[in-house]
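# Build me a model:
(one chain, ligands or ions: 1)
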Amino acid sequence: MSYIKIRNLNFSYKDDEGNPESVLRDLSLDIKKGEYVAVLGHNGSGKSTLAKLLNLVIDDYDYFEGSIEIDGVEISSSDMTEDDIYELRKKVGMVFQNPDNQIVATIVEEDVAFGPENLGLPREEIRRRVDEALATVGMTEYSRHEPHRLSGGQKQRIAIAGIIAMRPECIIFDESTAMLDPMGRREVVDTMEKLNREEGKTIITITHYMDEAVRADRVVVIDDGRIILDGKPSEIFAEADKLRACGLDLPQCSDLVLRLRSRGIKIDGEINTPEECAEAIYKAFKKS
Ligand code: ADP
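Here you go, the predicted model:
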């Protein structure tokens, strides 16, 4: 059964003159509980709009048609109450691009406690959740620090801890690594992977970094508001021409393997990560 079930979604914003600007076109998608899905697409293809619709954070639009069900609940109906939306956001958390916009307190642990406090939980439960969340993102030793003194990657991990402390089943990362340096990106992607592999969270990550997408179990490519590819990373990155046609690059490893194969070098198997790439090239040259 799908955890997220989207059917025939058509969505338009209003442009500056108030005319409809179509962004998602007849988009259908199913995501199972526990999946780790990367959503790719060039700028303006509609990825962020899709993510925001899953958390009902868009209220000014021109047209919305189709259905979105999360965990069996239709969230796109107009009779969603404030309480329903609140319940939805407990189940599906979102981490945004800019960590500075997501941090609300002046001490790390108070920031992480903000969500659980709003849930009205008892003090000991809040303490337990904050400690667990900080441990999960590897930031326990910073619990009494001031967030604004941390690096971008550390701040983003604090924002993630704040979401985890609400115990969501699914976390959507909307370009959450876009403002980070390579080290910060690695910290955040390692955290996503851990949340999926060790805690069974459903992870949806919107990114334009191909090297992040290869780490997911499944890649969905959106172009001009439509899904044009959906499959395992190795299947998606074998479609070099289609990806390039919609303005996307290949991950470095896939590109290298394709170039070597096109020169007649026999490299077997699915190559996604630098480690697999190194191993495959080593084997290919050892044989020859
Ligand atoms: P992506 O995340 O793939 O870059 P977005 O979903 O952010 O794409 O944007 C898709 C299109 O919708 C773009 O053309 C963008 O300019 C437009 N858009 C995004 N947000 C709004 C908004 N709040 N009002 C009007 N148009 C918007």
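
# how close does the most centrally placed residue in the chain get to G225?
By C-alpha atoms, centre = their mean, the mean C-alpha position of the chain lies nearest to T205, the distance being 1.4 Å. T205 is 19 Å from G225, where distance means C-beta to C-beta, to the nearest Å. (C-beta placed from N, C-alpha, C; glycine too.)

# tell me which residues in the lowest-mean-pLDDT helix or strand in the chain are buried?
Taking mean pLDDT, DSSP states H and E as the measure, helix 274-287 is the helix or strand of the chain with the lowest mean score, a mean of 86. Residues of helix 274-287 classed as buried by neighbour count (16 or more other C-beta atoms under 10 Å): E276, C277, A280, I281, A284.

# Distance to the ligand for those residues - can I get that in a markdown table?
A markdown table is the format used below for these (distance: C-beta to the nearest ligand atom, whole Å):
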| residue | distance to the ligand |
| --- | --- |
| E276 | 29 |
| C277 | 28 |
| A280 | 32 |
| I281 | 34 |
| A284 | 37 |
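
# Give me the below-cutoff pLDDT ranges for this protein.
Regions of the chain meeting the criterion pLDDT under 70 cover residues 288.

# re earlier: where does the residue nearest to the centre of the chain sit: helix, strand or coil?
Classification of T205 by DSSP: H, G, I helix; E, B strand; the rest coil places it in strand.

# so it sits right up against S176, yeah?
Yes: at 7.3 Å, T205 counts as touching S176 under the criterion of C-beta atoms under 8 Å.

# Show me which residues of the protein sit near the ligand.
Within the chain, the positions near the ligand by C-beta under 6 Å from any ligand atom are Y13, E21, V23, G41, N43, G44, S45, G46, K47, S48, T49.

# neighbours around the third one, how many?
One way to gauge burial is a neighbour count; for V23, by other C-beta atoms under 10 Å, it gives 24.

# Repeat that for the last one.
The local packing of T49 (other C-beta under 10 Å) involves 20 other residues.

# Verify the contact between it and I58 for me.
Yes: counting by C-beta under 8 Å, T49 does reach I58; the two are 7.0 Å apart.

# Name whatever forms a beta bridge with the spatially closest residue to R218 that is not a sequence neighbour.
Nearest residue to R218, sequence neighbours excluded (C-beta to C-beta, 6 or more residues apart in numbering): V37, at 4.8 Å. V37 has these beta-bridge partners by DSSP bridges: I204, R218.

# does G120 sit in a helix, a strand or a coil?
G120 ends up coil, using three-state DSSP.

# Could you give the backbone dihedrals for it?
phi 70, psi 30 (degrees, to the nearest 10).

# Show me what the least confident helix or strand of the chain is packed up against.
helix 252-262 (3 or more C-beta pairs under 8 Å, 6 or more residues apart in numbering; DSSP states H and E).

# How far off centre is the helix it packs on?
How far helix 252-262 lies from its chain's middle: 26 Å, per C-alpha atoms, centre = their mean, to the nearest Å.

# just to revisit the earlier point, count of neighbours near the closest residue to the residue nearest to the centre of the chain other than its chain neighbours?
Spatially, and ignoring its direct neighbours in sequence, T205 is nearest to F173 (4.3 Å; C-beta to C-beta, 6+ apart). Applying other C-beta under 10 Å, we find 28 residues neighbouring F173.

# After the host helix or strand of F173, which helix or strand is next?
Assigned by DSSP states H and E, F173 belongs to strand 170-174. Downstream of strand 170-174, the first helix or strand assigned by DSSP H and E is helix 182-197.

# Just name whatever secondary elements that following helix is in contact with.
strand 36-40, helix 123-136, helix 152-164, strand 170-174, strand 202-206.
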